[in-house]
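# next input, structure requested:
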Amino acid sequence: MSSSAHDHPLPPPRVEEVSDGVYAYIQPDGSWWINNTGFLAGRRGVICVDACSTERRTRLFREAIGKVSDRPITTLINTHHHGDHTFGNWLFPEATIVGHEGVRAQILADGPPTYLAAWSPDVEWGEMELTPPFLTYTDGVTVHSDDLRCEVRHAGVAAHTTNDSYVWIPERRLLFSGDLVFNGGTPFVMMGSVAGAIETLGRLRELGAETIVPGHGEVCGPEVYDRVEGYLRFVQETARRGKEAGLSPLDTARETDLGEWGGLLDSERIVGNLHRAYAELDGQPLGAPIDLATAVLDMITYNGGRPLSCLA
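Okay, here's the model as predicted:
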């Protein structure tokens, strides 16, 4: 299951300049709670795209920024509400924190996390102070790093979550996708929509990006879209067969050969994704609430009853 696909120990995070003055902060191996972030280093200040999950990782991110620029961090953009992208928000007290209005609403609704026990117990989360975005938008907002235009746009439909945004830099053909794109890890749409995620990939394709900084995994090109869509369509077909056979999402997952998708990190996500796909087959609106607690417990059961692997 999930733990077998990880290398131990993990390589350290690294800064990769993906365009002039634009940097990806890559955190291998990109599995549960180990996300990518990024930043734009301008003359007047630094714009960050997402924080990290733990206090230690977010402090390391800030240290890495400081080695590139001595300018203040003026802006922090959250691509969605998940804690691996937002738990570290509180460590940017000088920044304007920007996010979709759904990001703020969901962070406040969730409150202090009570679900972390589902993952490996030896993670050092550090301090946490809920710090949602305080500058929010409905459809999008545009920020500028000096003269470089950065278009922050809501996905428009439930996908990875109900509040996903991406950061598109048209002059550089460069996309920070957030978790709309996983590269090398299992795409995860339990809190969003399978059909909506596929629809969103179509919109991302239309942008014409040449370089993509995914939410998890290595920097890549647009070829990644086909891989993510292939997996999501596999989930839809697996769900259809499982429901026709009268099987639960967990039993469907157990009886399914993951085939080419078995090598992706965190393969137990198939169970959570099937819970979402079943809801859509039942005619539920895209992104409608489902029983997340049961879905997570089913992922743990699929994982042999062990907590889900987390090396953060």
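# list the buried ones in the helix or strand hosting residue 297?
Using DSSP states H and E, residue 297 sits within helix 292-302. Buried residues in helix 292-302, defined by neighbour count with 16 or more other Cβ atoms under 10 Å: 295-296, 298-300, 302. Any C-beta I mention is one placed from the backbone N, CA and C, and that applies to glycine too.
# stretch 39-51 too?
Buried residues in stretch 39-51, counted by 16+ other Cβ under 10 Å: 39-42, 45-51.
# can you put these in a markdown table and add distance to residue 130 and secondary structure?
What follows is these, written out as a markdown table (distance: Cβ to Cβ, whole Å; DSSP: H, G, I helix; E, B strand; the rest coil):
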| residue | distance to residue 130 | secondary structure |
| --- | --- | --- |
| 39 | 23 | strand |
| 40 | 26 | strand |
| 41 | 28 | strand |
| 42 | 29 | coil |
| 45 | 25 | coil |
| 46 | 23 | strand |
| 47 | 22 | strand |
| 48 | 18 | strand |
| 49 | 20 | strand |
| 50 | 16 | coil |
| 51 | 12 | coil |
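# and the furthest pair within those residues?
Farthest pair in these (Cβ to Cβ) is 42 and 51. Separation: 19.1 Å.
# hmm, back to that, now the helix holding residue 297: average pLDDT?
Helix 292-302 shows a mean pLDDT of 98 in the predicted model.
# run a quick neighbour tally on residue 288.
14 (other Cβ atoms under 10 Å).
# tell me if it really is in a helix.
No: applying DSSP: H, G, I helix; E, B strand; the rest coil, one finds residue 288 to be coil, outside a helix.
# surely it and residue 279 touch.
Yes: between residue 288 and residue 279 a contact is recorded at 6.4 Å, counting by Cβ atoms under 8 Å.
# in the longest helix along the chain, what counts as buried?
Scanning the chain for the longest helix, with DSSP state H as the assignment, gives helix 224-244. Residues of helix 224-244 classed as buried: 224-225, 227-229, 231-232, 234-236, 238-239, 242-243 (neighbour count, 16+ other Cβ under 10 Å).
# and these as JSON lines, adding distance to residue 311 and pLDDT?
Formatted as JSON lines, these follow (distance: Cβ to Cβ, whole Å; pLDDT from 0 to 100):
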{"residue": "224", "distance to residue 311": "23", "pLDDT": "98"}
{"residue": "225", "distance to residue 311": "27", "pLDDT": "98"}
{"residue": "227", "distance to residue 311": "23", "pLDDT": "98"}
{"residue": "228", "distance to residue 311": "23", "pLDDT": "98"}
{"residue": "229", "distance to residue 311": "28", "pLDDT": "98"}
{"residue": "231", "distance to residue 311": "22", "pLDDT": "98"}
{"residue": "232", "distance to residue 311": "25", "pLDDT": "99"}
{"residue": "234", "distance to residue 311": "26", "pLDDT": "98"}
{"residue": "235", "distance to residue 311": "25", "pLDDT": "99"}
{"residue": "236", "distance to residue 311": "30", "pLDDT": "98"}
{"residue": "238", "distance to residue 311": "28", "pLDDT": "98"}
{"residue": "239", "distance to residue 311": "29", "pLDDT": "99"}
{"residue": "242", "distance to residue 311": "31", "pLDDT": "98"}
{"residue": "243", "distance to residue 311": "34", "pLDDT": "98"}
